[in-house]
Each structure stands twice: as C-alpha cells, then as structure tokens.
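Participant: Dropping a prediction and its sequence here:
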2 protein chains.
Amino acid sequence: MKHSDTKTQILDVAQDLIQRRGVNGMSFKDISETIGIRRASIHHHFETKEKLLEALMTRYSQEYGSAIEDIVASSASAKNKLTRYMKLFLKTAEADPPEKACMCGMLAAEIASIGEQAARLVVDYSESSVQQIARILDQGKKNGEFQFNGDINVMARMIFSFLEGGLIFVRANGQKQQFKAMTKQVFKLIEA
Amino acid sequence: MKHSDTKTQILDVAQDLIQRRGVNGMSFKDISETIGIRRASIHHHFETKEKLLEALMTRYSQEYGSAIEDIVASSASAKNKLTRYMKLFLKTAEADPPEKACMCGMLAAEIASIGEQAARLVVDYSESSVQQIARILDQGKKNGEFQFNGDINVMARMIFSFLEGGLIFVRANGQKQQFKAMTKQVFKLIEA
DNA sequence: GTCTATAGCGCGATAGAC
DNA sequence: GTCTATCGCGCTATAGAC
C-alpha cells in the first residue's frame, strides 16, 4: 500500500480545511503543519494560493462531476438517482468528525476572495450540478414518478441551493439529523 | 439631519464587507479606510474583532427579528406574510451594487472563525427564523391557503436553507433573476 | 523535492499624546 | 474620541543551498 504523494496530500488537507473554515481561514501554514513539511515546499507544488485553489476545484469538478454523471446516466429510477445524488451531500453532513460543509458552497460564499479562474470553476460546477438535477427531475416527471408545479430548472436550482445552504446551517447548529429530514421532505413535495 | 455616529458607521461598513467578502475577508483596515478614521479608533468603539462581530449580530437580530415579528404578527394572509418575508432576502439579492449575500449566512459559513458568543447569536437567529417561517406555514395550512405533505418545521428549515444558499449562489453566478424565480416556485409547491 | 532564510506586507491589538 | 507609533505575529511568496 503506497502513501499518497505530497501533491495529493496538499490537495486533501487544503480541501478539508476549506470545508471546515473557508478559503480565508485556510493557510499554507496550516497545510504545512498538518502534513509535516515546510511552507516553501507547498509553493514548489503550487506556485500561488490562487493556483492551489484552481487545482483543487478542477480535481473536485472531475471527481464529483463524474460521480454525478454516473448516477444520472444509470438506468435507475429518478427517485433512486435523486436519492443517490443527495447522499453525496449527506455523506458530508454526517462526516466524522463533522463540521464540514460542501467545498463548492464554501468557495461560493467567499467568491470575492478567490481568483477569476477558480471563481469560474465554482460557477461552472454548480451550474452543471443544477443541470444534472434538472435531468433527473425531467426523467421523473416524464415517467410519472414525480409530479409538481413549476419549471424543472428552477426547481433543480432550488434543490441545489437548499442542499448547499442546508449543509452550512446544520454544521453551524450541530443538528445533522435535520439535514436528512430535509432530503426526505424533497420527495414529499415532488412525488406523484 | 444628523450624520450617523462613528459606532454606527463602523457597524454599517463591517456588515457590508461581511456580506460581500465574509468575516475573514473583512479587516479593521478595510473599515478604517472606508470611513476615514484610524484603526485605533475602531478599537476604541469595539475592543476586539470578536466583540465587533457580537455587536453586529446583536443589532442584526434585533432589526431583522422585529421586522420578521411584525410580518408574522400581522393580520395578513399566510401567502402575503411569506411573500413579505422572502422579500427581505430579495432586497439583498437585488441590492445595488449587488454582490451581497445574507450576513447570517456568511457568518454561518465561517462559523469556525468567529467567537463562541457570536456563533451562538448566529445559531439563535437562524433557528428563530425557521420557527417564524413555520408559524406562517402553519397558519396557511390551517386556513386552507397552503397544502403540502410532510412536517411543517422541516419544510420551514428547507425554505430557510434554500434562501440562504440561493443568495450565495446567485451572487456567485450573477443571475439574480433566478433568485426571484425560486421564491415564486415556493408557492407553486405549497399552495392549495 | 525539501530545506533555511528572508522579504514585505497585513493583521489585531495596545500605549500614550492631544 | 481620535490620533501616532509600535509590537508581535501571520501571511504569501521568493532566492538559493542541499
């Protein structure tokens, strides 16, 4: 079993810190102390903090983007797909130790503090997530699983917004079981 | 017409900066340069940054808390109340210049970076907001305006989460008209 | 690829004059 | 109540040895 290389370790620790404290609450010093190297060594792998954020968000988009694509492209029911999609968020809410929000949500909250490139990656990822949710809703509406009034895309954006905001607030108030209750409530609103 | 005093100016500028950049993206230097005084003068009014955040969140709870109470306690229809409540968020989304999210949401996102006292004020305020939304939903369900499956409190928390998350993401992607569309979608889901 | 050393600035905070 | 001056630390970033 090989240990992950330094570059990967840096990305892992940076992501963890951002999910807990945010971009401006995460520093090269924090990272270096956590993985036991010097700050200068981080700069060897990532020239600037801005570049680190770009690399982080790129990896994130690929990992989660393909996980979500797998879900949407599968032959399962719409309900099963939406359940699996929301389970990705549930996993973060129920992480041990908890106190983690979605990294995309944290970067979006501090969008003014990250570079243009990283900001675009955040926007692109979130817009693509909304689209994927919309596809699931569309499938469900067409095959009769789901039934609700209003526009599918608006509804998809609402679900995404609630998932992101929900994670931030259950982390703040510590009541993570509330998050699960809300994901179940989604189905009560849209199921036929 | 008297100009607002320094203490109020400091709170106003601090709140504005937090809504745009977040707690860790706001500094005494930013505040001092914006209102044209020295950093030491801010410390005269607020001993520490932590105390400033407490004062800020206390004022915020009072202002918005009483505005929300007025709405909930009025004799209007549930639909009218919920519309007025959501209009408080819409006003932030459509602020000019925009790029503002809800201060409570920004503090919640960076909850690990603020003191215990300020953190509790954030949690208390958001929980009380959820309760107020629940009261509106309860009124609407009882008098037949609203009709939806599931628990009222969970539904209230979902609406609050979506409003907070929604503000963060429409600020990031610049499409504030999407926020208004989502608030309208709420009624399509719950109206009888 | 990791290190030491350092530059240069921003930060929160305090002492003390006015 | 505001100022100047300063402390001490954290921050991102860079140069250059090993």
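Facilitator: Yep, it's here. The structure presented is a predicted model; accordingly, all values stated were derived computationally and were not measured.
Participant: how about the one helix or strand residue A:51 maps to: buried residues?
Facilitator: Assessed by DSSP states H and E, residue A:51 sits inside helix A:49-73. Neighbour-count burial for helix A:49-73 flags A:49, A:52-57, A:60-61, A:64, A:68, A:71-72 (criterion: 16 or more other C-beta atoms under 10 Å in any protein chain shown). C-beta: built from backbone N, CA, C; applies to glycine.
Participant: what about chain A, any weak spots by pLDDT?
Facilitator: Counting by pLDDT under 70, chain A has low-confidence residues at A:1-3.
Participant: Point out the residues in it that sit beside DNA strand D.
Facilitator: Counting by C-beta under 7 Å from any atom of the strand, chain A comes close to DNA strand D at A:26, A:27, A:28, A:29, A:30, A:39, A:40, A:43, A:47, A:48, A:49, A:50.
Participant: Of those residues, keep whichever come out buried.
Facilitator: A:26, A:28, A:49.
Participant: From chain B, how far off is the residue nearest to residue A:114 when sequence neighbours are not counted?
Facilitator: Distances taken as C-beta to C-beta, 6 or more residues apart in numbering or on different chains put residue A:53 closest to residue A:114, at 5.4 Å, once the chain neighbours are dropped. Using C-beta to the nearest C-beta, to the nearest Å, we find residue A:53 at a distance of 14 Å from chain B.
Participant: Which residues are in contact with residue A:53?
Facilitator: By C-beta atoms under 8 Å, 6 or more residues apart in numbering or on different chains, residue A:53 lies in contact with A:23, A:107, A:114, A:115, A:118.
Participant: What segments of chain A are helices?
Facilitator: A:6-21, A:28-35, A:39-45, A:49-73, A:78-93, A:103-109, A:116-142, A:152-173, A:177-190 (DSSP state H).
Participant: Hey, what's the angle from the helix holding residue A:51 to helix A:78-93? Just curious.
Facilitator: 150 degrees (axes from the mean of the first three to the mean of the last three C-alpha atoms, to 10 degrees).
Participant: Got the phi and psi for the most centrally placed residue in chain A?
Facilitator: Residue closest to the average C-alpha location in chain A (C-alpha atoms, centre = their mean): residue A:102, at 4.2 Å. The phi/psi pair for residue A:102 (degrees, to the nearest 10) reads phi -70, psi 140.
Participant: My read is that it contacts residue A:89, right?
Facilitator: Yes: in terms of C-beta atoms under 8 Å, residue A:102 counts as a neighbour of residue A:89; the distance is 6.6 Å.
Participant: can you give me the end-to-end distance of stretch A:41-57?
Facilitator: Stretch A:41-57 has its terminal residues 21 Å apart, counting by C-alpha to C-alpha, to the nearest Å.
Participant: just stretch A:137-156 next, same as before
Facilitator: The first-to-last residue distance of stretch A:137-156 comes to 7 Å (C-alpha to C-alpha).
Participant: Show me what counts as buried in it.
Facilitator: A:137, A:139-141, A:145-146, A:148, A:150-156.
Participant: quick check, that stretch touching chain B?
Facilitator: Yes: Stretch A:137-156 is in contact with chain B by C-beta under 8 Å from any C-beta of the partner chain, via A:148, A:149, A:150, A:151, A:154, A:155.
Participant: Closest to DNA strand D out of these?
Facilitator: residue A:154 (37.6 Å; C-beta to the nearest atom of the strand).
Participant: list the contacts for that closest one?
Facilitator: Contacts of residue A:154 by C-beta under 8 Å, 6+ apart are B:178, B:181, B:182, B:184, B:185.
Participant: Quick check on these: which are buried?
Facilitator: Of these, these count as buried by 16+ other C-beta under 10 Å: B:178, B:181, B:182, B:185.
Participant: of all those, which two lie farthest apart?
Facilitator: Farthest pair in the buried ones among the contacts of residue A:154 (C-beta to C-beta) is B:178 and B:185. Separation: 10.2 Å.
Participant: What sits closest to residue A:159 if chain neighbours are left out?
Facilitator: Per C-beta to C-beta, 6+ apart, closest to residue A:159 is residue A:133, 5.5 Å.
Participant: and that neighbour, how far is that from DNA strand D?
Facilitator: 33 Å (C-beta to the nearest atom of the strand, to the nearest Å).
Participant: Number of residues surrounding that residue?
Facilitator: Neighbour count of residue A:133, defined by other C-beta atoms under 10 Å in any protein chain shown: 25.
Participant: pretty sure it contacts residue A:152?
Facilitator: No: judged on C-beta under 8 Å, residue A:133 makes no contact with residue A:152 at a distance of 9.0 Å.
Participant: follow-up on the earlier one: between the helices of chain A, which gets nearest to residue B:94?
Facilitator: helix A:152-173 (16.4 Å).
Participant: what comes up buried for that closest one?
Facilitator: A:152-173.
Participant: same deal with stretch A:73-93?
Facilitator: Buried residues in stretch A:73-93 (16+ other C-beta under 10 Å): A:78, A:79, A:81, A:82, A:83, A:84, A:85, A:86, A:89, A:90, A:92, A:93.
Participant: which ones are touching the first one?
Facilitator: Read that as residue A:78. Contacts of residue A:78 (C-beta under 8 Å, 6+ apart): A:136, A:137, A:139, A:140, A:143, A:145, A:146.
Participant: for residue A:117, same thing?
Facilitator: A:50, A:54.
Participant: Does at least one residue of stretch A:32-39 sit close to DNA strand C?
Facilitator: Yes: Stretch A:32-39 lies within reach of DNA strand C by C-beta under 7 Å from any atom of the strand, at A:36, A:37, A:38, A:39.
Participant: Tell me how many other residues crowd the second one.
Facilitator: In other words, residue A:37. 16.
Participant: Could you pull up the contacting residues of the residue of chain A found nearest chain B?
Facilitator: Relative to chain B, the nearest point of chain A is residue A:165 (2.6 Å; C-beta to the nearest C-beta). Contact partners of residue A:165, counting by C-beta under 8 Å, 6+ apart, are A:105, B:105, B:160, B:161, B:162, B:163, B:164, B:165, B:166, B:168.
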